[in-house]
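Undergrad: Prediction below, plus the sequence it came from.
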Amino acid sequence: MPDVEKPGTPARARLLALDSAAKTLAFQGVQYQIHALAVHPAHQGRGYASSLVRAAFALGDRDGLPVTVECAGERMEALYTHLGFEKHAHAAVDDPTNQTKKLAMVSMVRLPRSAAPAAQ
């Protein structure tokens, strides 16, 4: 069982703190949300995450809905910004493990783009 699933572990405490913050930062309304996206380190840098995010954007564009994601840390914020998201809201969350003073939590959104007009 991963540490984040074990009650009382530091990883679980951090996850719960970030989850609580995400609820207060969340973009409101109907949306597509990327809840979890991870690529094994041995396979990073090959465009897998980008492909999945582009597929979510295509759904959002088709349906006229925003695509949202919540993330923690500057590295993840930079990645999602590079992929086309914009910062919606942010908060500094107390780190229950005291590994850092605060955890940076960011809510990001990519608004739908208009579909190209149909050829006549």
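TA: That came through fine. Here the structure is a predicted model, which is why all the values come from computation and not from measurement.
Undergrad: Let me know whether Glu86 touches Arg110 as I believe.
TA: Yes: if you go by CB atoms under 8 Å, Glu86 and Arg110 touch, sitting 6.9 Å apart. Where you see a C-beta, it was placed from the backbone N, CA and C, and this is true even at glycine.
Undergrad: quick one: low-confidence ranges for the protein?
TA: 1-5, 21-22, 24-25, 115-120 (pLDDT under 70).
Undergrad: mind running it again at 80?
TA: 1-27, 93-103, 114-120 (pLDDT under 80).
Undergrad: And the residue nearest the centre of the chain, which helix or strand is it part of?
TA: What sits nearest the mean C-alpha location of the chain, by CA atoms, centre = their mean, is Val69, with 2.9 Å. For Val69, the host element (DSSP states H and E) is strand 67-72.
Undergrad: What are the buried residues along that strand?
TA: Judged by neighbour count (16 or more other CB atoms under 10 Å), strand 67-72 contains these buried residues: Val67, Thr68, Val69, Glu70, Cys71, Ala72.
Undergrad: Redo those as TSV? Include distance to Leu16.
TA: Shown next, in TSV, are the buried residues of strand 67-72 (distance: CB to CB, whole Å):
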residue	distance to Leu16
Val67	25
Thr68	20
Val69	19
Glu70	14
Cys71	16
Ala72	13
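Undergrad: Specify which member of those residues is nearest to Leu37.
TA: Val69 (7.6 Å; CB to CB).
Undergrad: check contacts around the nearest residue to the closest one once chain neighbours are set aside.
TA: With sequence-adjacent residues excluded and distances taken as CB to CB, 6 or more residues apart in numbering, Val69 is closest to Ile34, at 4.3 Å. Ile34 is in contact with Val53, Ala56, Val67, Thr68, Val69, counting by CB atoms under 8 Å, 6 or more residues apart in numbering.
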